[in-house]
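Peer 1: Have a look at this fold, sequence not included:
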């Protein structure tokens, strides 16, 4: 094009740290505790874009002539070109503690009924920082969009069960499984919610397995959906 060639320089810097401990509480019970911090920063620099306001002004006062092939001088291209940049930052923190182990055993099963239960805390934070040109819509080809910044937390309790009922008996295997999680979000629009699952696995012979599962899941809104600035 007469305006030159556009280019994009994208730099992404991710960082993640995790520390945890796991071990035995008793002869049968185990524990697992960890904390994780993750942060990603993405910076984008766009070269060769056109400023809408500069183009309108310079064409209007006849400094630049956009009509015809190769009509824009190098000085005119420099005058209407603009450097645009933005960055987005996302941050996640997770802390979890859980215990697991066997409970009891059915007579027709080789493995005991096993469980896991625990607590979890999560913090999600995000930020989008466009420069003045991009946020105002002055860059040709890009809609205006306001900055975004926000955060929320979730506190959860969860439990899971695996229940072998028959193993290596008159059928090869039959077991049940179940899970439940209660999540308390710091968002008034979400609040406290339950998710759960239950299912079975039936293997009449080792080569054939039937599986059924029922689940309920939710998706809380993300930072962009909650705190995103208005966009065209």
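Peer 2: Sure thing, it's come through. Note that the coordinates shown come from a computational prediction; the quantities given were computed from them, not determined experimentally. Numbering: from 1, shown residues only.

Peer 1: What strands line up against the host helix or strand of residue 212, and which way round?
Peer 2: Assigned by DSSP states H and E, residue 212 falls within strand 208-216. Strand pairing for strand 208-216, determined by DSSP bridges: strand 192-205 (antiparallel).

Peer 1: quick check: mean pLDDT across the partner strand?
Peer 2: Per-residue pLDDT over strand 192-205 has a mean of 97.

Peer 1: quick one on the thing from earlier: what is the mean pLDDT for the very next helix or strand once past the strand holding residue 212?
Peer 2: Note on strand 208-216: by DSSP H and E, the next helix or strand toward the C-terminus is helix 223-227. Helix 223-227 shows a mean pLDDT of 85.

Peer 1: quick one: buried residues of helix 223-227?
Peer 2: Within helix 223-227, the residues that qualify as buried are 223, 226, 227, counting by 16 or more other CB atoms under 10 Å. In short, each C-beta sits where N, CA and C put it, glycine included.

Peer 1: residues contacting the first one?
Peer 2: Looking back up the chat, that one is residue 223. Listed by CB atoms under 8 Å, 6 or more residues apart in numbering, the contact set of residue 223 reads 90, 124, 125, 126, 148, 150, 151, 152.

Peer 1: Quickly find the element holding the second one.
Peer 2: To tie it back to what came earlier, the one meant is residue 124. Assigned by DSSP H and E, residue 124 falls within strand 114-130.

Peer 1: Within its sheet, name the partner strands of that strand and how each one runs.
Peer 2: strand 81-102 (antiparallel), strand 148-167 (antiparallel).

Peer 1: Can you point out the buried residues in it?
Peer 2: By 16+ other CB under 10 Å, the buried positions in strand 114-130 come out as 114, 115, 116, 118, 120, 122, 124, 125, 126, 127, 128, 130.

Peer 1: bridging residues for the fifth one?
Peer 2: Under the criterion DSSP bridges, residue 120 forms beta bridges with residue 96, residue 156.

Peer 1: wait, it sits on residue 96?
Peer 2: Yes: counting by CB atoms under 8 Å, residue 96 is a contact partner of residue 120 at 4.4 Å.

Peer 1: confidence score at residue 55?
Peer 2: 86.

Peer 1: thinking again about what came up before, would you turn the buried residues of strand 114-130 into TSV with pLDDT and distance to residue 205?
Peer 2: Listed next are the buried residues of strand 114-130 as TSV, based on pLDDT from 0 to 100; distance: CB to CB, whole Å:
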residue	pLDDT	distance to residue 205
114	98	24
115	98	29
116	98	30
118	98	36
120	98	39
122	97	43
124	95	47
125	95	52
126	94	51
127	92	56
128	89	56
130	86	61
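
Peer 1: of these, closest to residue 60?
Peer 2: residue 130 (26.5 Å; CB to CB).

Peer 1: And residue 106, its phi and psi?
Peer 2: For residue 106, the backbone dihedrals are phi -80, psi 150 (criterion: degrees, to the nearest 10).

Peer 1: That one: how many residues sit nearby?
Peer 2: 15 (other CB atoms under 10 Å).

Peer 1: wait, what's in contact with the closest residue to it other than its chain neighbours?
Peer 2: The shortest distance from residue 106 to any non-neighbouring residue, by CB to CB, 6 or more residues apart in numbering, is to residue 165 (5.4 Å). Listed by CB under 8 Å, 6+ apart, the contact partners of residue 165 are 106, 108, 109, 174, 175, 176.

Peer 1: Hmm, residue 152 and residue 226 touching each other?
Peer 2: Yes: counting by CB under 8 Å, residue 226 touches residue 152, with 6.9 Å between them.
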